[in-house]
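**Student:** Pasted the sequence and its predicted model underneath.
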Amino acid sequence: MTLYRGRFAPSPTGPLHFGSLVAALGSCLEARSHGGQWLVRMEDLDPPRAQPGAAELILRTLEDFAFEWDGAVMRQSERSETYAQAIAQLHARGALYDCACTRKELSDSALVLEGERVYPGTCRNGLPPGRRAHAVRVRVPNHAIAFADTIRGSISQILEREVGDFVVRRADGLHAYQLAVVVDDAAQSITDVVRGADLLASTPRQIHLQRLLELPTPRYAHLPAAVNALGAKLSKQTLARPLDPARAAATIAAALAFLGQAPPPELARAALREVWDWSLAHWNLDRVPRQHALPAPADA
Ligand code: GLU
C-alpha cells in the first residue's frame, strides 16, 4: 500500500463556507481513495485575523458534516518556536534579510504584476541608513521553479520577476503563512496537498522554502476555487454564507457536483451516511474540472 497523508488546513477567520467544504471534501476523499490518512491543521497563527470561537466552530462543523480525521488537530498557535528554528536555519544559510519598508512605501513603489505586488528589492543589499527593520524577507531566485500539479498540469514561476523576495516574519513578529505551511506540511509528513486554486500561485514560494530548509516537496493538486455571482472567491470578506449542518447531505452532494463527480440527483435528499458511502465509492480526481475558478451553486 502506498503511503499517503493528506490534510485540510483551515484558517479560523470565520465559519466554514462552501469553498472550504470543497477543499475539505476533495482532500479527504482523495486521501481515503488512496487508503491514506487525512489530518486537520488549524492555521491559527494570525491572532489579529482570527475570530474568537471560529476554530472550535470549524471543528464542530466538520463533525456535523461527518468528516473523520486522523490523530489530534495540529494548531499553529502552539508552534512559534518551531517556526523560529526554521527562521534561524534560513538565516544561517544567508537566505534572509531585514526589511525596513512600510506598507505605505510598498504600495507606492512596488511593481504591480497582474494585480499582485512584486517586492522591488529595496532592502536586499542592506537597510537604508537610519531605518529600522520591520519584516524579514527571504531572497528568491531568478530562475523558474516548476512543478507538476495533478489537476492543473505543469506550473512554473520565476519568483524574482513575479513575486519578489517575500516576507517570512512579519513586522508584528508573527510568522508568515508561507513559512508555517511548509514547516507544518513536513512536520506532519504530508505527501499530498489538495487545496483551492487560490493557493496555486503560492506553491512555488513554498517549494523554494522547502528546498532551502531541505524538506521534501509534497505532490500538489489544486481544486477550482468557488466564486460567487460577482466572480469573487467565497470568503468572510465576500460574505459567504456559513455552512448549515442541517443541510449537510445536500451541501456535500452540491460540492461533489462542483468537483465534477456527477452524483445522482437523488443523493441530495439521501441520508448523510449514504452520501459519504457514495462519495467514497465513486470519488475520482480525474473528473475534477481543470479550471481555476467555478461559480458556487446559488443556494450555497
Ligand atoms: N489556511 C489556508 C486557508 O485557509 C490554507 C492553507 C493551505 O491549504 O495550504 O486558506
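**Tutor:** Here it is on my side, so go on. Residues are numbered from 1 along each chain as shown.
**Student:** does Leu62 really touch Glu56, like I thought?
**Tutor:** No: if you go by CB atoms under 8 Å, Leu62 and Glu56 don't touch, sitting 10.9 Å apart. For the C-beta atoms, the positions are set from N, CA and C on the backbone; glycine is no exception.
**Student:** Between the two, point out the one with more neighbours.
**Tutor:** Neighbour tally, Leu62 and Glu56, criterion other CB atoms under 10 Å: the higher count belongs to Leu62, 22 against 11.
**Student:** residues in contact with whatever helix or strand that one lives in?
**Tutor:** Element membership for Leu62 (DSSP states H and E) is helix 54-64. For helix 54-64, contacts defined as CB atoms under 8 Å, 6 or more residues apart in numbering pick out 8, 10, 12-16, 20, 24, 40, 42, 44, 69, 73, 75, 242-243, 245, 248.
**Student:** Among these, which are located in strands?
**Tutor:** 8, 40, 42, 75 (DSSP state E).
**Student:** Show me how to select, in ChimeraX, the buried members of those.
**Tutor:** Buried members of the ones in strands among the contacts of helix 54-64, defined by 16 or more other CB atoms under 10 Å, are picked up in ChimeraX with:
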select :8,40,42
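**Student:** The nearest residue to Leu199 once chain neighbours are set aside: how many residues sit nearby?
**Tutor:** Spatially, and ignoring its direct neighbours in sequence, Leu199 is nearest to His222 (6.8 Å; CB to CB, 6 or more residues apart in numbering). For His222, the neighbour count with other CB under 10 Å is 25.
**Student:** and the gap between His222 and the ligand?
**Tutor:** Distance of His222 to the ligand, given as CB to the nearest ligand atom, to the nearest Å: 10 Å.
**Student:** Can you name the residue of the stretch 201-300 of the chain nearest to the ligand?
**Tutor:** Nearest residue of the stretch 201-300 of the chain to the ligand: Ser202, at 7.4 Å (CB to the nearest ligand atom).
**Student:** Contact partners for the closest residue to that residue other than its chain neighbours?
**Tutor:** Spatially, and ignoring its direct neighbours in sequence, Ser202 is nearest to Gln178 (6.4 Å; CB to CB, 6+ apart). Applying CB under 8 Å, 6+ apart, we find Gln178 in contact with 166-168, 202, 205-206, 209.
**Student:** Helix or strand: which one has Ser189?
**Tutor:** Per DSSP H and E, there is no helix or strand for Ser189.
**Student:** Check the contacts of Gln178 against Glu274 and report the nearest one.
**Tutor:** Nearest to Glu274 out of the contacts of Gln178 is Ser202 (CB to CB; 36.3 Å).
**Student:** So which residues on the stretch 151-300 of the chain come close to the ligand?
**Tutor:** Remark: the part of the stretch 151-300 of the chain in contact with the ligand comprises 181, 195, 199, using CB under 6 Å from any ligand atom.
**Student:** same thing but 5 Å
**Tutor:** Within the stretch 151-300 of the chain, the residues that sit near the ligand (CB under 5 Å from any ligand atom) are 181, 195.
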